[in-house]
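1. Build the 3D model from these lines:
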Amino acid sequence: MSPFGDTNTGRFPLPLRVGVLAMGITALLVGIWTGLWRLGWSVPVSSELPDSHGPLMISGFVGTLISLERAIALRKLWSFTGPALTGIGAVLLLSGFGESLGIISILAGSAVLSGFFFRMYVHEPELHFAVMGLGANLWFLGNLLWSRGFPLPQIALWWVGFLILTIVGERLELSRVLQLTNRIRAFLIGAVVVLIVSVISGLFVYDYGIRIFGISGILLAGWLWRYDLARRSVRRVGMTRFMALALMSGYLWLGAGGLLAVVVGGVTAGPYYDAILHVIFVGFIFSMIFGHAPVIFPAVLGIPVFYRPSFYTHLVLLHFSLILRIAGDLLLIAPLRRWGGLLNAVAVLVFLLNTVTSAIDAKVGKGEP
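-> Numbers count the residues shown, from 1 in each chain. Prediction:
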């Protein structure tokens, strides 16, 4: 089992999988473009799109990607409706004519993912499925709040909580071979409970919610750093080491984001808010995506990805650019923040280029896995 599920592409025809993935990638690219506008770069953007930056990146791209991979792992037609609905929802948001329909479509798609994990937990009541199921429910409930017009800063806690718990659950699933003690598992459960408390309390007293959220981020980052398999696999070479370094660097960013949230507290806009969100989303989430991409692409498309030393280019650029961006945020140096954000975008584009070209080489038999 890969960290994103079974690599058997199952019963879904390739055009369907490619079509849904294309909708997710489109959401990513447009989300990046609107992000540049929000940073102050003079790029042409429709007046409605900047407000969709977060939903496109989290639900349109990452949510669709996670749902698609899990649907392929389950190989049941009903599960495929989840990523299809979130992908369609992202397209409706992009169109500018169907925002309400887009929100409803994404809400329905996230409900399918919640149903998936409920089914998996009933079939196999393991802690990792419970954690991932809680994450999926946070996504669904966050989308429900979104549909009811709640402020995006409050909703963002639910969405980011979804991503964090999904990754924690996946890493816990892989860590079963380590035979973790009950004490170690209890610590993880406690940290997850703190995260759940934080997103709920954020609806009532946002400042408390964001600070408690930061504490949960620190606890979960510490748990992942100490008990994840990456600590062992980093000693290997090639693709295995690259993946481990990407994961472990992401854990550092999660801890840093948690610390920022505790110190800064309940800001809802401006440079400090940008710093908290993007330390976690760019630093933690994209490090996870970079590290898992060699597994995700084969799972979704049935095409292997061969390791290249050039993979370190997008990983190093991601971290370097994020350091610039966060320094600009915290020191209130707008040009540094803008350039760091631009290089964040370049890092993601280089990642896509490196991954696609590696997959093409693998398809034609060039290079080594």
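2. Could you point out the longest helix of the chain?
-> helix 334-364 (DSSP state H).
3. mean confidence for stretch 107-120?
-> Model confidence over stretch 107-120, given as mean pLDDT, is 92.
4. Pull the contacting residues for the nearest residue to Ala71 once chain neighbours are set aside.
-> Spatial nearest neighbour of Ala71, chain neighbours left out: Ser79 (4.0 Å); criterion: Cβ to Cβ, 6 or more residues apart in numbering. Where C-beta positions appear, they are placed from N, C-alpha and C, glycine not excepted. Neighbouring residues of Ser79 by Cβ atoms under 8 Å, 6 or more residues apart in numbering: 70-71, 112, 116.
5. Tell me the helix or strand right after whichever helix or strand Pro298 is part of.
-> Using DSSP states H and E, Pro298 sits in helix 286-301. Per DSSP H and E, the first helix or strand lying C-terminal to helix 286-301 is helix 311-331.
6. If you count neighbours, what's buried in that following helix?
-> By 16 or more other Cβ atoms under 10 Å, the buried positions in helix 311-331 come out as 311, 314-315, 317-319, 321-322, 324-326, 328-330.
7. same for the helix or strand of the chain with the lowest mean pLDDT, what does it pack against?
-> When each helix and strand of the chain is scored by mean pLDDT, DSSP states H and E, helix 230-233 comes last, with a mean of 82. Applying 3 or more Cβ pairs under 8 Å, 6 or more residues apart in numbering; DSSP states H and E, one finds that helix 230-233 contacts helix 238-264.
8. average model confidence for the helix it packs on?
-> 93.
9. go on, stretch 140-150?
-> Rounded mean pLDDT across stretch 140-150 is 93.
10. Using CSV, write out every CA atom in that stretch.
-> The C-alpha coordinates for stretch 140-150 follow below in CSV (Å, rounded to 0.1, in the frame of the first residue of the first chain):
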residue,chain,number,x,y,z
PHE,A,140,-16.8,18.3,4.4
LEU,A,141,-17.9,20.5,7.3
GLY,A,142,-15.5,23.3,6.2
ASN,A,143,-17.2,23.2,2.8
LEU,A,144,-20.6,23.3,4.5
LEU,A,145,-19.5,26.4,6.4
TRP,A,146,-18.3,27.8,3.1
SER,A,147,-21.7,27.2,1.6
ARG,A,148,-23.3,29.0,4.5
GLY,A,149,-21.1,32.1,4.0
PHE,A,150,-18.8,31.9,7.0
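11. what's it in contact with?
-> 55, 59, 103-104, 106-107, 110-111, 113-114, 152, 154-155, 157-159, 161-162, 199, 203.
12. what do you get if the cut-off is 6 Å, keeping everything else the same?
-> Residues outside stretch 140-150 that contact it (Cβ atoms under 6 Å, 6 or more residues apart in numbering): 103, 106-107, 110-111, 114, 155, 158-159.
13. Can you flag which of those residues belong to helices?
-> 103, 106-107, 110-111, 114, 155, 158-159.
14. Those residues into JSON lines, with extra columns for neighbour count?
-> Listed next are the ones in helices among the contacts of stretch 140-150 as JSON lines, based on neighbours: other Cβ atoms under 10 Å:
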{"residue": "Ile103", "neighbour count": "22"}
{"residue": "Ile106", "neighbour count": "29"}
{"residue": "Leu107", "neighbour count": "22"}
{"residue": "Ser110", "neighbour count": "28"}
{"residue": "Ala111", "neighbour count": "19"}
{"residue": "Ser114", "neighbour count": "19"}
{"residue": "Ile155", "neighbour count": "25"}
{"residue": "Trp158", "neighbour count": "25"}
{"residue": "Trp159", "neighbour count": "27"}
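15. from the chain's centre, how far out does whichever strand or helix holds Gly169 sit?
-> In the assignment (DSSP H and E), Gly169 maps to helix 152-174. Between the centre of helix 152-174 and the centre of its host chain there is 8 Å, according to Cα atoms, centre = their mean, to the nearest Å.
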